[in-house]
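1. all I have is the shape, not the residue letters:
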């Protein structure tokens with residue numbers, strides 16, 4: 001397979017404000033053969049350690065046109081600690097001139113949030129985030145080339161809901177050789193024919209490494225019909241070592257049809273950035289906590305905002321702080 005990164009596209013899924021995690025706006029139509037089961041994974045089950053370390057990210061962007069509705073999008077993230085999530089930089093700052101406000105994002109802890117959902121699972125509002133300084137923004141063409149530094153750390157308060165725990169990260173910062181099979185997870189679409197299925201956490205195993213890409217990325221072979229797609233941005237890639245799934249990658253981008261390749265940022269290549277971002281975000285949150293307390297939206301307002309962003313019916317009985 002010839003890897004042509006000039007045809008790469010981001011894996012963030014834009015959805016209309018009134019929709020319920022259904023419409024795919026970021027990718028071009030695929031051919032009939034390419035449309036079949038692009039993800040090819042299975043819904044995550046309660047108690048699965050991968051599910052217990054993976055979260056849905058819902059963000060809100062300004063209207064595309066003056067007077068229009070805000071744009072919602074979804075991404076995926078992985079828990080690094082009880083107060084931090086690692087995701088793709090383009091999930092928080094696709095356009096460096098207009099990054100997403102932390103207050104306009106929600107971390108959702110649940111296996112599925114779709115148009116049929118009537119009760120929101122536990123959620124958290126980020127208090128801040130940092131993206132890798134080398135990130136240039138997707139609007140500047142960072143989807144092509146290699147070593148794009150597409151990684152960010154999100155900080156949040158409120159602790160973890162029951163059943164959730166940080167992922168264990170692969171300790172070695174080494175490229176994974178071609179042919180190595182890995183496991184992926186994400187809340188993105190699973191059907192290229194109808195462009196739906198977003199909002200359900202799915203896990204797929206046996207996706208082979210195609211080749212290392214630059215010094216910090218890995219390209220995965222998706223030509224067999226399994227892999228990541230729109231909405232899986234920022235989501236995890238695991239390597240099974242002695243029966244344990246160890247987190248090593250963050251979903252960055254792939255071909256426009258999700259049928260050829262996916263590109264992942266190697267987390268271990270950014271250990272220094274992650275450690276620094278965690279420390280900095282925690283210090284900022286601690287120093288600003290008292291000053292900002294009176295300006296924080298109430299839990300009821302946060303719940304209402306999340307319900308509107310997710311396009312589901314609000315039911316406060318099932319919500320936790």
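-> Yep, that arrived. Please read all numbers here as calculations on a predicted model, not as lab measurements. Numbering: from 1, shown residues only.
2. ok, and the closest non-adjacent residue to the residue nearest to the spatial centre of the chain?
-> When the chain is reduced to its mean C-alpha position, the nearest residue by CA atoms, centre = their mean turns out to be residue 76, at 2.2 Å. Among residues not flanking residue 76 along the chain, residue 235 sits closest, at 3.2 Å (CB to CB, 6 or more residues apart in numbering). No exception for glycine: its C-beta is placed from N, CA and C like everyone else's.
3. let me see the contact set for the one you found.
-> Residue 235 is in contact with 54, 75-78, 87, 184-188, 228, 250-251, counting by CB atoms under 8 Å, 6 or more residues apart in numbering.
4. sorry, back to before: and the residue nearest to the centre of the chain, what pLDDT?
-> pLDDT for residue 76: 95.
5. can I take it that it is in a strand?
-> Yes: according to DSSP: H, G, I helix; E, B strand; the rest coil, residue 76 belongs to a strand.
6. give me the neighbour count for residue 270.
-> 22 (other CB atoms under 10 Å).
7. and it, how far from residue 209?
-> Counting by CB to CB, to the nearest Å, the gap from residue 270 to residue 209 is 19 Å.
8. next, count neighbours for residue 106.
-> Number of residues near residue 106 (other CB under 10 Å) recorded here: 24.
9. name the SS class of it, please.
-> Classified using three-state DSSP, residue 106 is strand.
10. mind listing the helices for this structure?
-> Ranges of helices in the chain, per DSSP state H, are 90-93, 271-293, 299-310.
11. go through those and find the least confident stretch.
-> Among the helices of the chain, helix 299-310 scores lowest, at a mean of 57.
12. contacting residues for the closest residue to residue 157 other than its chain neighbours?
-> Among residues not flanking residue 157 along the chain, residue 127 sits closest, at 5.7 Å (CB to CB, 6+ apart). Each residue near residue 127 by CB under 8 Å, 6+ apart is listed here: 102, 155, 156, 157, 281, 285.
13. including neighbour count, could those residues go into TSV?
-> Formatted as TSV, these follow (neighbours: other CB atoms under 10 Å):
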residue	neighbour count
102	17
155	21
156	25
157	13
281	22
285	17
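14. what about residue 261, distance to residue 70?
-> Distance, residue 261 to residue 70, using CB to CB: 32 Å.
15. between these two, who's got more neighbours?
-> residue 261 (25 against 15).
16. is it true that the more buried one touches residue 219?
-> Yes: between residue 261 and residue 219 there is a contact under CB atoms under 8 Å: 5.2 Å.
17. how close does residue 233 sit to residue 276?
-> 23 Å.
18. actually residue 173, not the one I typed
-> 16 Å.
19. kindly report the same for residue 197.
-> Here residue 197 is placed at a distance of 37 Å from residue 276 (CB to CB).
20. many thanks, have a good one.
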